[in-house]
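Asks: Just need the structure, nothing else, for what follows:
(4 chains)
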Amino acid sequence: MDGLFYQISFWVLAVITVLSALMVTTMQNLTRGVIFLVFFFLGIGGLYFLMQAEFLALVQVVVYAGAVAVLFAFVIMLTPRVAEREIKQSLNLGAGFILAALFLALVLSLLLGQPWPELAAPGAGTITLGQLGQALLGEYLLPFELVSVVLLVALVGAVVIAGRNAGRGERKS
Amino acid sequence: MQTTHEMVVNLGPQHPSTHGVMKLEVVMDGEYIVDCKPVIGQLHRGMEKMAEGMLYGQFIPITDRLDYLSPACNNLSYCLAVEKLLGIEAPERGKYIRVIIAEMQRIANHLVALGSWGLDLGAWTILLYTFRDREMLLDLFEMFCGQRMTLNCFRVGGTTYDLPDGFVEKAREFLEVIPSRINDYEALLTKNPIWMTRLRDVGVVSAEDALAYGLTGPNLRASGVKWDLRKVYPYEVYDRMQFDVPVGSRGDCLDRYYVRIQEMRQSCRIVQQALDQLPPGDIMVDMPTIALPNKEEFPNNFPEVVRHFHLLVQGYAPPEGEVYLGYENPKGELGFYLVSDGSGYPYRLKIRSPSFINMQIFPKIMRGAMLADVIAILASFDPVLGEIDR
Amino acid sequence: MALGLRDVALVVELLRGLGVTLRHLFKPTVTIHYPTERREVYERYRGLVRWDKEKCAACALCARFCPVKAITIQTDDGEDGKKTVKYYQIDAAHCMYCGLCSEICPVGALSHSPYHELAAYRREDTIYAQERLSGAPPITMYR
Amino acid sequence: MWLYQFFYQPGEWARGIYQVMENWAVRIGMGIQWIQLIDMIIVAIILIAFIFLDVMFLTWLERKVAGHIQVRHGPMRTGPHGIIQPVADAIKLLFKEPMALPGVDNLIYLISPLMMFVGAMLIYIVIPFSPGWVVAPMDYGLLFAFAASGLSSFFVMAGGWSSNNKWSLLGGMRAAAMTLSYEVPLILAAIGVALVSGGLSLVGIVESQAGMWNIIRQPLAAVLFLVASLAEMNRGPFDLAEAEQELVAGYLTEYSGMRFAMYYLGEYTHLLAGAALFTTLFLGGWQGPLLPPILWFLIKIHVMVFVYMWIRWTYPRIRIDHLMAFNWKFVLPLALINLGVTGLVLVL
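Replies: Numbering: from 1, shown residues only, chains lettered A, B, ... in the order given. The predicted structure follows:
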């Protein structure tokens, strides 16, 4: 598990993820930001792979890199005059540093306190797809259904809002 | 309320599916068309002014270039107009030959229209099949008058060429093959759900609108108006031919497609009957003031030579007056309005080209359609820019 | 959308369309490979115009009647009062091969040849003057 | 015997080779990882070589099939029956001058063809060519294939957007909308198969089809998968993304030279991947009576590719709103019904 390739690929993926996350935030041109968002999601997917959570990685790639990024791109590309506007970086670096330092302190304090769990041997802690399915439709059936109802409501809401100015083209004639 | 960002797009002269150099300035809101303005004139050659400087006989090859997909029909309608001006008629055999070639030209025209329409909607293969069948017709034209597209085969008062010997057999052979080919197109397209959903209720033209905008030809008949000049004013020998006029019901693209397919079948029937009733006899009206003399007996027969030169330098001198004659061109009613001042040169020639008139309805039916429909509607009217710009 | 249940039966039509294309897949092809194989033009084909110097009576009827004025002719009167042709030229680029000139020539000096591959690299080559007006045109690359 | 093992039990043959390499490496004291690295590199080279060669063959096949369907020859001049045409195309595209366009967002303009091609090639990692010949026999193979194909649709849109041209914007938008909405029935149809053969791993699916091919057990899912994969590949009656007649060339309008070649090859890799997925899911991957498994797999793939081409050259293009309505009102419900029925059948 922790051979040479494991180390190499871990560091490569980590660099990709952090760098693209950085680029997403600092990039002025919005569409480029979306591209780096896709690389960011792929990087995270790769990291999940390394941690043997294959199903999670694939869902991450399918849902995030495949669909959410496309929706982001749709929003940026289709709403008029959004893509061209350059996002100016706010210049008060001072406030930025302070906030960052505070946040870092908070995270470190949490992390160092906890005992680092030894990285589980492969296959021990990970649950197989079958168990995941059983759990989802077994004990956790109610929360699963509730979540799907919430999603349905969101879907119907989106359709209604989008459908309000339908009949495009005709209204002009 | 801030409208979404509207795009002005030029379905410009340089576009794969505008059937020539027509430019459609289209204002689009997303995929939907808000407004559309056709811009023409790129192919204007000033034919009507050219006619004023030419003798009646010289202008015939120019009419080939009007609707370059059906040159024989253009020649025929010009010659008929001049004959009406001169008050003469072609002889029997001449009329039959003209009808045969004109109806074959109609089939060839509809084949091109159907092929390029299928191509515009993504069905690549239908284009190749229709052009393969049109090739047989072009061979027949080449056999008859020596050219495949710019035929220049008819003259005022008849035709210059008689049917070559192998022509009738080859034409009959063609008539056996073509019905099965049309069935192939029908199998490929007519009930194909994709083709139907692409064309059903797209670019609907009601009968009143069609008449109000002056549509003619298959586009008018698709809207349910039974108006075919070959039946209304049967000139040449159309009154001796049994054929029926296909008429659509809803006036949408699918009906225009249906009318053209049926018209091809009817034209085959006409050519079949004309070939059966082909009478012997001469092919040019034997009036000295019209027909060119026979060249063999020139050296010794001097008055004939004088008449030959007189005809070709002065041209025929039609009586003063004006005439208008509309002919059922495959695209609609192609009309020639001739004003003559008694000299050999026409005083004024106005060409009523069907595609130019049919095109006026584009802005009305394109509004609210989608971009893909614009292409389908454009192809359903089968415009030819040579005719629109003259 | 128009695809109601009635249209579901149209799936058979989709298959029929596939049948047609499959049938055409095995049909012999109809195309010819142009430069290597050629199509014989028909006997009445109106190709490049040929001019016969002896027959020509220098009446300039053809130059006058040509709709696009592709023919230029210069005549001078010969010894025994008969007119002869000093210079005769047909611009194959202007000519639209309508066949009117060969039809009206009183002495039949103009006739059509089956040559239609008249592309040339220089504009002057499309102008066929005196001697080039008879016999075959210069060999084009794809002959 | 060696040849028999090569063709008929490629799995053991590959393991034998690996053993030989391993003891050789141990003898000269090289670390295990380096052996795995070399092994991976060799496998990668073989896979990419297969993809490139087969894609070039596909471009040739497409032009010949299109030709003969349209009663004409297709390329005949480059080599006997135009065999060298793909090489000629590749060289031409190599030397075509890629235009430097004003107002083009260069980063995305350059990345998207590359990433689209990568996305299309990722699918081949999980496809079982023959027993043992799988780059990564993951037990979520099916899900990985759809993740990879979903990825490339994003870059088609990014390419369309970044080439700063109205037509390609429209093309890109259409492509994204289409691939997104047709991914759902595609996955549902594939899940139907996974239900029947129990498990998501492609190798398992192929083995479960030993008795009867899935196309018989899941005919409706096969048809739906065919339709949805056609839309996913922007081919056939659904090629709205680069509808030449409407959008001039859709998202490919501003691409020329090698960049266009990347998109073009990406499309054909997608076609091959779609055909390969269809064979593994429905036509029983490498199962076949007489011939070696690898040959069976290739034959089935190219039969499927022919079917895809045959459909493309027969039907007109569907309109964008019909496409959406066709999906949400026709293909998706059918996929759900199919899933429900399969579930019921399995439970009872």
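Asks: Domain-wise, how is chain A divided?
Replies: Split into domains by automatic domain parsing, chain A comes to A:1-88, A:129-173.
Asks: Among those domains, show the one with the smallest mean pLDDT.
Replies: Ranked by mean pLDDT, these bottom out at domain A:129-173, which scores a mean of 79.
Asks: Need phi/psi at residue B:245.
Replies: Note on residue B:245: its backbone torsions stand at phi -100, psi 110 [degrees, to the nearest 10].
Asks: measure it to chain D for me?
Replies: Residue B:245 sits 28 Å away from chain D, taking C-beta to the nearest C-beta, to the nearest Å as the criterion. From N, CA and C alone the C-beta is placed, and that goes for glycine too.
Asks: residues touching the residue lying closest to that residue once chain neighbours are set aside, list them.
Replies: Closest residue in space to residue B:245, ignoring its immediate chain neighbours: residue B:228 at 4.3 Å, by C-beta to C-beta, 6 or more residues apart in numbering or on different chains. Contact partners of residue B:228, counting by C-beta atoms under 8 Å, 6 or more residues apart in numbering or on different chains, are B:221, B:245, B:328.
Asks: Let me see the contact set for residue B:243.
Replies: Applying C-beta under 8 Å, 6+ apart, the residues near residue B:243 are B:230, B:266, B:267, B:269, B:270.
Asks: and it, how far is that from residue B:256?
Replies: 19 Å (C-beta to C-beta, to the nearest Å).
Asks: And residue A:150, by the same measure?
Replies: Distance from residue A:150 to residue B:256, by C-beta to C-beta: 50 Å.
Asks: So for these two, which residue has more residues nearby?
Replies: Using other C-beta atoms under 10 Å in any protein chain shown as the criterion, residue A:150 and residue B:256 rank with residue B:256 on top: 27 against 10.
Asks: Is the longest helix anywhere in chain C in proximity to chain B?
Replies: Taking DSSP state H as the criterion, chain C has its longest helix at helix C:11-25. Yes - using C-beta under 8 Å from any C-beta of the partner chain, we find that helix C:11-25 touches chain B at C:11, C:13, C:14, C:16, C:17, C:19, C:20, C:21, C:24.
Asks: Against chain A, which of those residues make the cut? List them.
Replies: Okay, of those, nothing touches chain A (C-beta under 8 Å from any C-beta).
Asks: which one among these gets closest to residue B:14?
Replies: residue C:21 (31.3 Å; C-beta to C-beta).
Asks: Just give the nearest non-adjacent residue to that closest one, would you?
Replies: Leaving aside its chain neighbours, residue C:21 sits nearest to residue D:314 (4.5 Å; criterion: C-beta to C-beta, 6+ apart).
Asks: show me the contacts for that neighbour.
Replies: Taking C-beta under 8 Å, 6+ apart, one finds B:123, B:125, B:188, C:17, C:18, C:20, C:21, D:69 in contact with residue D:314.
Asks: what do you get for residue D:101?
Replies: Counting by C-beta under 8 Å, 6+ apart, residue D:101 makes contact with D:109, D:163, D:164, D:254.
Asks: tell me which of the residues you listed is nearest to residue A:105?
Replies: Using C-beta to C-beta, residue D:109 is the member of the contacts of residue D:101 that sits closest to residue A:105, with 42.6 Å.
Asks: if I pick that closest one, what's in contact with it?
Replies: Residue D:109 touches D:101, D:159, D:162, D:163, D:254, D:259, counting by C-beta under 8 Å, 6+ apart.
Asks: Run through who's touching stretch B:98-109.
Replies: Counting by C-beta under 8 Å, 6+ apart, B:67, B:69-73, B:76, B:79, B:90, B:134, B:137-138, B:140-141, B:144, B:151, B:153-154, B:159, B:163, B:171, B:178, B:236-238, B:241, B:263-264, B:267-268, B:270-271, B:274-275, B:278, B:330-331 sit against stretch B:98-109.
Asks: In chain D, where is pLDDT below threshold?
Replies: D:244-245 (pLDDT under 70).
Asks: Make sure residue D:261 is actually in contact with residue D:91.
Replies: No - using C-beta atoms under 8 Å, residue D:261 is not in contact with residue D:91; the gap is 10.4 Å.
Asks: For those two, indicate the residue with more neighbours.
Replies: Ranked by neighbour count (other C-beta under 10 Å), residue D:261 and residue D:91 place residue D:261 first, with 19 against 11.
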